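Enquirer: model this:
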Amino acid sequence: MTERRSTGIVYLVGAGPGDPKLLTLRGKECLAQADVVLYDYLANPLLLSHAPESAERVYVGRRGKGKYPAQEEINRLLTDRAQAGKTVVRLKGGDPFVFGRGGEEAEALAAAGIPFEVVPGVTAAVAAPAYAGIPVTHRTMASTVTFVTGHEDPDKPETALEWPRLASSHGTLVFLMGMKNLRSIVAQLLTEGRPTTTPVAIIRWGTRAAQQTVEGCLADIVDKAEAAKLEPPTVIVVGDVVRLRRQLNWFERRPLFGKRVLLTRAKEQAAEFASLLAAYGAEPVEAPTIKIAPPADWTAVDRAIADIRSYRWLIFTSLNGVSSFMGRLLAKGLDARCLAGSTICCIGPRTAQELERYGLKADMIPADYQAEGMVAAFEGRDVRDARILIPRAEAARELLPEELHARGARVDVVPVYRTVLPDAGIEAWRRLLINREIHVATFTSSSTVRNCVELLGGAESAKELLKPVAVACIGPITAKTAEEFGLTVSILPRENTVPALAEAIAEQYGSRPYMAAGTHS
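Expert: Next up, the predicted model:
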């Protein structure tokens, strides 16, 4: 066992501008070893998933209005936790040293003799304009860029900003935290001679699905911002580069831009789906309604493994079935070689891909990726007296084993995993549904539907909460389950796969199909 240090360490980690994929690799490493995470209002909560479940999570606010801990209190929390031998991550929106008060926190740690490391982050000063299609520098338009705080320390006797120089600059001006002082910023620039026609863009929640961009010029941007009811957090860009947005606005043109999509599948399986949706411009919201757990009893599985060489067929109906069965096989001291005499069938390409991780290739994949497709795939095959093993979920449809039995096969169905209700993390996504902040809810199995309904308080409550939401199901069986609970299914893919489901959602909202990176027809 590793002995805990008498004094811990603090990592001042830049969380980036909001898109969780803009976290640095080093930042992710630090989160993975954290005992404590102190996180900001501007740090995307999804980043907390990189920290161990056992890590203490402390919200320390830091937003422009309302109550939040004073900086001195945050400094004390950092030093106290580190002095107790903890590994502490201070997760700060953007970059810790770009108007993030990271310098003050580092000073406090240095004064207390506590080891610390600064992990730079992608600053919103560059990223938010980039996601709005605005390069902050350009060879023919702006050779310089100036980052300016829009919210100076109120205790300063006078401003430290040199407005005459800022107004006369031919480069780009980027104001952070300036929304509350927008009228004053514009007035100062105009007073010092900046032309009224100077282009201005204000980007709210840059890099997120909620990104909102308002364009104008110094003459009208205040009125436009008020009409749009813009509130912090925003980045204000002043300069000719704003004109390039008309050509370079790539992010807001994606088919799922501005859409929040609920992912109800197990946490361990959400990453691929989330990546596909994000590539289409959506903001995935992980809301696992199922948790994969081992079977209550391994006896039947172990008996089948002991007799594994007697099976002519091995059928996998899910990737969980593959990983759970192969994991148990390895735990019993065996490996893929013991399956050499079996013909292996997988319900679909993703399940077959999981099988390949163990050095095995599927001999058969049906054209239709569901139980009916597997039944059809066995048409014309003689399975009389053939021993067939189906490692699957504890609760599943009986169509396939019953059909094989009817054809004379000797079928052993063994539960290698079960799906249970998750024990935490429900309130956050439930609140988003209540506040009408979810646009699409996705279901990739009947169990995700049933558990979602249960977690939402029953059929009537779920029906009401999901009424304004587009319901997307991976296939007709899942859709049928949803409809049995009174839900209206509006999106079904052409085939029962996660990439096809993501593509179907994108086509539902896009004026034309958009091919996300890594997808294929």
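
Enquirer: state the distance from A362 to T343.
Expert: A362 is 9 Å from T343, where distance means Cβ to Cβ, to the nearest Å. C-betas here are computed from N, CA, C, even on glycine.

Enquirer: out of those two, which sits in the more crowded spot?
Expert: A362 (21 against 16; other Cβ atoms under 10 Å).

Enquirer: wait, the more buried one touches Q353, no?
Expert: No - using Cβ atoms under 8 Å, A362 is not in contact with Q353, being 9.2 Å away.

Enquirer: so where do the helices sit in the stretch 201-350 of the chain?
Expert: 221-227, 245-248, 270-279, 299-306, 319-331, 349-356 (DSSP state H, counting those that start in this stretch).

Enquirer: repeat for the stretch 1-150 of the chain
Expert: 25-32, 71-83, 102-111, 124-131.

Enquirer: ok, now the stretch 401-521 of the chain?
Expert: Ranges of helices in the stretch 401-521 of the chain, per DSSP H, counting those that start in this stretch, are 426-434, 446-455, 459-465, 476-484, 498-509.

Enquirer: by contact count, what packs against the second one?
Expert: The reference is to helix 446-455. Applying 3 or more Cβ pairs under 8 Å, 6 or more residues apart in numbering; DSSP states H and E, one finds that helix 446-455 contacts strand 440-443, helix 459-465, helix 476-484.

Enquirer: repeat the analysis, applying 6 Å as the threshold.
Expert: In terms of contacts (3 or more Cβ pairs under 6 Å, 6 or more residues apart in numbering; DSSP states H and E), helix 446-455 is packed against helix 476-484.

Enquirer: what's the span of stretch 386-406, first residue to last?
Expert: 12 Å (Cα to Cα, to the nearest Å).

Enquirer: hang on, the earlier thing: give me whichever of the helices of the stretch 1-150 of the chain is most buried.
Expert: helix 124-131 (a mean of 25; mean count of other Cβ atoms under 10 Å).

Enquirer: tell me the mean pLDDT over that one?
Expert: Averaging pLDDT along helix 124-131 yields 98.

Enquirer: and the contacts of it?
Expert: Under the criterion Cβ atoms under 6 Å, 6 or more residues apart in numbering, residues 17, 94, 136, 147, 174, 176, 203, 206-207, 235, 237, 251 lie in contact with helix 124-131.

Enquirer: which of those residues sits closest to Y59?
Expert: Using Cβ to Cβ, G94 is the member of the contacts of helix 124-131 that sits closest to Y59, with 17.2 Å.

Enquirer: near G18, how many other residues are there?
Expert: A total of 27 residues lie near G18 under the criterion other Cβ under 10 Å.

Enquirer: list the contacts of it.
Expert: Contacts of G18 (Cβ under 6 Å, 6+ apart): 44, 207-208.

Enquirer: out of the helices of the stretch 1-150 of the chain, which is closest to Y509?
Expert: When the helices of the stretch 1-150 of the chain are compared (using Cβ to Cβ), the closest one is helix 124-131, at 18.6 Å.

Enquirer: hang on, the earlier thing: can you pick the most crowded of the contacts of helix 124-131?
Expert: Neighbour max across the contacts of helix 124-131 (other Cβ under 10 Å) = V235, 32 neighbours.

Enquirer: and R384, which of the three is it?
Expert: What DSSP: H, G, I helix; E, B strand; the rest coil gives for R384 is coil.

Enquirer: what stretches of this structure score poorly on pLDDT?
Expert: Residues of the chain that meet the criterion pLDDT under 70 lie in 1-5, 62-68, 152-158, 511-521.

Enquirer: would TSV of the helices of the stretch 1-150 of the chain with distance to A502 be doable?
Expert: Shown next, in TSV, are the helices of the stretch 1-150 of the chain (distance: least, Cβ to Cβ, whole Å):
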stretch	distance to A502
helix 25-32	24
helix 71-83	39
helix 102-111	37
helix 124-131	20
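
Enquirer: out of the ones you listed, which comes closest to D412?
Expert: Across the helices of the stretch 1-150 of the chain, closest to D412 is helix 25-32 (Cβ to Cβ), at 40.3 Å.

Enquirer: give me the contact list for that closest one.
Expert: Under Cβ under 6 Å, 6+ apart, the answer for helix 25-32 is 11, 13, 50-51, 89, 119.

Enquirer: return the closest of these with respect to A336.
Expert: Ranked by distance to A336 (Cβ to Cβ), the contacts of helix 25-32 are led by H50 at 32.2 Å.

Enquirer: for the closest one, give me its contacts.
Expert: Per Cβ under 6 Å, 6+ apart, neighbours of H50: 28, 31-32.

Enquirer: count the residues that sit near R309.
Expert: 10.

Enquirer: residue contacts, it?
Expert: Each residue near R309 by Cβ under 6 Å, 6+ apart is listed here: G341.

Enquirer: the same query, at a cut-off of 7 Å, please.
Expert: The contact partners of R309, taken as Cβ atoms under 7 Å, 6 or more residues apart in numbering, are 338, 341.

Enquirer: quick check: the gap between it and L339.
Expert: 9 Å.

Enquirer: A406 too?
Expert: Taking Cβ to Cβ, one finds A406 at 26 Å from L339.

Enquirer: surely G102 meets Y11?
Expert: No - between G102 and Y11 there is no contact under Cβ atoms under 7 Å: 11.0 Å.

Enquirer: could you find the closest non-adjacent residue to M364?
Expert: Among residues not flanking M364 along the chain, C345 sits closest, at 4.3 Å (Cβ to Cβ, 6 or more residues apart in numbering).

Enquirer: kindly apply the preceding question to T137 instead.
Expert: T137 sits nearest to V145 (Cβ to Cβ, 6+ apart), 5.4 Å away.

Enquirer: just checking, that neighbour touches F175?
Expert: No - shown here, V145 and F175 do not form a contact pair, counting by Cβ under 7 Å, at 11.7 Å.

Enquirer: run through who's touching the longest strand anywhere in the chain.
Expert: In the chain, taking DSSP state E as the definition, the longest strand is strand 410-420. With Cβ under 7 Å, 6+ apart as the test, strand 410-420 has contacts from 290-295, 300-301, 304, 320-321, 324-325, 328, 385-394, 401, 404-405, 447.

Enquirer: one step back: of the contacts of H50, closest to A274?
Expert: Looking across the contacts of H50 and measuring by Cβ to Cβ, the closest to A274 is K28, at 15.1 Å.

Enquirer: how near is the closest one to K229?
Expert: From K28 to K229 the distance is 35 Å (Cβ to Cβ).

Enquirer: quick one, domains of the chain?
Expert: If you go by automatic domain parsing, the domain ranges for the chain are 9-121, 126-253, 260-290+422-509, 294-419.

Enquirer: that older thread, Throw the helices of the stretch 401-521 of the chain into a markdown table and include mean neighbour count and distance to A274, thanks.
Expert: Formatted as a markdown table, these follow (neighbours: other Cβ atoms under 10 Å; distance: least, Cβ to Cβ, whole Å):
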| stretch | mean neighbour count | distance to A274 |
| --- | --- | --- |
| helix 426-434 | 15 | 13 |
| helix 446-455 | 22 | 15 |
| helix 459-465 | 16 | 22 |
| helix 476-484 | 18 | 19 |
| helix 498-509 | 22 | 10 |
